[in-house]
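Trainee: Sequence plus predicted model, see below.
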Amino acid sequence: MYDFLKKVPLFADLPEEDLARLCGVVEEVKLPAGKELFAEGDSGDKAYVIMKGEVDIIKLASGREVLLAVRGPGTVVGEMAVLEETPRTATVRARGDVVFIAISDDQMNQLLDNSTSAAKALLHTVLARWRNTTSQLRHSEKMAQLGTLTAGVAHELNNPAAAVKRGSGQLQNSLPGFAQAQSKLGQLGLDQTQQATLDTLAQRAREQAKRPAEMDAMVRSDLEYELEIWLEDQSVDNAWEIAPTLVNLEYNMEELNTLAQQFDTKHLPTVIDWLGATYTVHNLLAEIGQGANRISGIVKALKSYAYLDQAPVQSVNISEGLNDTLLILRSKLKTGVSVRREYAPDLPNIEGYGSELNQVWTNIIDNATDALSSTPDATITIRTRSENEWVIVEIQDNGPGIPPDVQPRVFDPFFTTKPPGKGTGLGLDISYNIVINKHRGDIKLSSRPGSTCFQIWLPINFETTNDNPLAGESLTEESAEELQYILENAKTIAVVGMSDRKDRPSNIVPTYLQEQGYRIIPVNPKLDRVLGEKAYPDLPSVLDPIDIVLIFRSSDVVMPIVEQAIQVGAGGVIWMQLGIENEEAAQIARESGIKVIMNTCMMATHKHLIGDRTTP
C-alpha cells in the first residue's frame, strides 16, 4: 500500500513518516462488479482512492442516468462530500471488482492541514472535475429541457392536429351529400325571390358555422325534439339528423313556418336538406380552419420563443417572451395551476438575448409549477414594470416557500432541493449567469410560506454603440477604477488570435497598445513575427511573464485558450475583446482566481480611462 500511495499525486510529497502512519490507519474496501460504493444523496464521511479496477461516476438528471466519468487506479472519489460536509453529488458504481483505500474525514482534513502539496493536488483534481461535470450536466440540462418543451409542444399540437384530421375526414364524407343536395335544388326551378331567400339562408349557415350556438343541454334537447316533429310533418327525410343542425342555426318554430310559406310543400324537404348540408360543410371548414390556426399559432410562438432566424441580440418584447413561454409550458400548467398576468401596458422593449431570456422564464416558471404540486388554489403571478432605465419582471407563486437556510444557495451550481434525479441544480445557475453576466442585470429572491418571488432586473440597453468606451460593460464607478488599475499596472499583453493585417481590429488594437508602451506578445500559429515581435503558436510556448491575455478569437474556441492561461498562470486577467463572450470559460477562469473582462474593447477603454499618450 505504501508504494502505491507514494505514486498517487495526493500523497506523493508526504513525509515518509506521515505516509507510513496514514497507511496504518486507512481501511481497504472491496466492491464486487455492479455494486454501488455510495449513491447520490448519501451522507459523505469518507473519501476513497482506487487501487484496482474501474468505477462509473453517475448522476441522475431529469430522471435518467448521466455517465460523468470513468475513474481508474490512483484517482480519488468522494472527496467533495467530505470537504464540504454535504451529501454525495453523484453515484459511484463498480465496473468490475474494485479495491479502494478508504480515508475518513478526520484523516483527510489532517492530510490537507499538514501537506500543501496534497491540498494543491486535490485542488487541481476538484477544478478539473468541476469543469467536466459542469459541462456535461449543462448539456444534459439543456437537452432535458428541450425534451420537456418538445413533449409540451407535441401535446399542444396533438389536439388541433387531431381536429384537422377528423374534420377533413368528415368533410370528405359530407361533400357528396352536399353536391347531391345542390343538384336537387337546381332542379326545382325556383323563382328569383326564392333564390334570394336561399342566398340569405346560405349566408346565415356560413356565419353560424363559425360560432356554434351555446345553450343549456335540456333546452337544446327540447328544441331538437320540437323541430324533429315539425320536420316529420313536412315529410323531411332524416329529420332526426337535420333537427340538431337547425338548432345550431338558431331557428325557431316561427322562422321555420315563415320558411315553409316561401316554398311549395314538395320543395321544402329539398330546401331543408340543402340547408343542413350547407351548414355541415361550412361547420367542418370552420373546425379545420380553427385547428390550422391553432397549429400556426403554436408554431409561431415556438419560433418566437426560440428567436429563430434572428440575430443573437435584438430588441426583445418581454411580455411576448413571457406569453410564449407560458404557451410552451401550458401542458404542464394545466395540472391545477392558474396564471395571473399583470403586465405594464407601456413596458419598453430591451436589447438582449431573447431566446436566453425565455430560458430564464422557463426555468423559474417550471420550478414554481413543481413547488405548487400540492398547493390548493395554486397560482403563479407574473408582473412587469419599468423604473428609469430598467425593466423589472416578478414571478411569484403561493407555494410552501424556500427555507431561509436554503435561500443563499439556490443559485449555486448543482444545488437542488429536489430529490435525486428530479433536477440537476443547474436551472437557476444558468438563469443567474444569463441575467447577471450576459445582460448586466440582477436577480433577487424573497421567500416565505405562501409567497416565493423571483425579481429580475434587466437594463433597457445593456449593449451600447462602439463609441461607448466600455462597450457593453455596465460598469459602476468602482469597476471603472478597477479597469484603470489593471491597465496602469500591466506591462505585457499576450494577444491570442493577433493578425498581421493592418485593417483588422486584431491588429489595430495591439498596435495602439504597443504605442502606449505595452509589450505585445503575438500568439498565432500562422505567424512568425508581427509588430516587430516573435509570434508564438500557443500560450504554453510563451516563456516570459504575462500580465493580460487579450483574446481575439470567436467565442466558441475561447475555452481551450482559458485553460492554457490557467495552465501557465498567465497574469491575473483574461480580456475578451468586443463581441467575444464565453460565460462557461469565464466562470472556470474566475474559479482559478483570474479576473475576466468580456465583450469590451481594450483600446476604447484605455482611451477613455487613461487617454492616448501619443496625442499631443
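Mentor: Sure thing, it's come through.
Trainee: State the pLDDT value of the residue most central in space within the chain.
Mentor: Taking Cα atoms, centre = their mean, the centroid of the chain lies closest to Gln359, which sits 3.2 Å from it. If you check Gln359, the pLDDT there is 82.
Trainee: wait, isn't it in contact with Tyr432?
Mentor: No. Judged on Cβ atoms under 8 Å, Gln359 makes no contact with Tyr432 at a distance of 11.8 Å. In this view, the C-beta of every residue, glycine as well, is placed from N, C-alpha and C.
Trainee: Spell out which residues are contacts of both of the two.
Mentor: Common contact partners of Gln359 and Tyr432 (Cβ atoms under 8 Å, 6 or more residues apart in numbering): none.
Trainee: one step back: could you check how far the residue nearest to the centre of the chain is from Thr375?
Mentor: 25 Å (Cβ to Cβ, to the nearest Å).
Trainee: and if you look at Gly24?
Mentor: 56 Å.
Trainee: More neighbours: which of those two?
Mentor: Just comparing Gly24 and Thr375: by other Cβ atoms under 10 Å the higher neighbour count belongs to Thr375, 15 against 9.
Trainee: quick one: contacts for Ala344?
Mentor: Thr384, Arg385, Ser386.
Trainee: Now whatever helix or strand Arg93 lives in: buried residues?
Mentor: Take DSSP states H and E as the rule and Arg93 turns out to sit in strand 91-94. Neighbour counts over strand 91-94 (16 or more other Cβ atoms under 10 Å) mark Thr91, Val92, Arg93, Ala94 as buried.
Trainee: can I assume the first one is in contact with Ile58?
Mentor: Yes. Under the contact definition of Cβ under 8 Å, Thr91 touches Ile58, with a separation of 4.5 Å.
Trainee: Give me the common contacts of the two.
Mentor: Glu40.
Trainee: From Glu356, how far off is Asp113?
Mentor: From Asp113 over to Glu356 (counting by Cβ to Cβ), the distance is 43 Å.
Trainee: Tell me which of the two has more neighbours.
Mentor: Higher neighbour count among Asp113 and Glu356: Glu356, with 18 against 10, using other Cβ under 10 Å.
Trainee: And for the more buried one, nearest residue in space, chain neighbours not counted?
Mentor: Counting by Cβ to Cβ, 6 or more residues apart in numbering, Ile434 is the residue found nearest to Glu356 once chain neighbours are left out, at 4.8 Å.
Trainee: Number of residues surrounding that neighbour?
Mentor: The burial count for Ile434: 22, using other Cβ under 10 Å.
Trainee: I figured it was touching Asn358, is that so?
Mentor: No. Using Cβ under 8 Å, Ile434 is not in contact with Asn358, being 9.9 Å away.
Trainee: Could I get the buried residue list for the helix or strand Ala604 falls within?
Mentor: Here Ala604, judged by DSSP H and E, is contained in helix 602-609. Across helix 602-609, burial judged by 16+ other Cβ under 10 Å covers Met602, Met603, Ala604, Thr605, His606, His608, Leu609.
Trainee: do the same with stretch 180-187
Mentor: For stretch 180-187, burial by neighbour count (16+ other Cβ under 10 Å) applies to Ala181, Leu185.
Trainee: got the angle for the host helix or strand of Glu482 vs helix 602-609?
Mentor: Glu482 is part of helix 477-489 when elements are defined by DSSP H and E. Relative orientation of helix 477-489 versus helix 602-609 (axes from the mean of the first three to the mean of the last three Cα atoms, to 10 degrees): 110 degrees.
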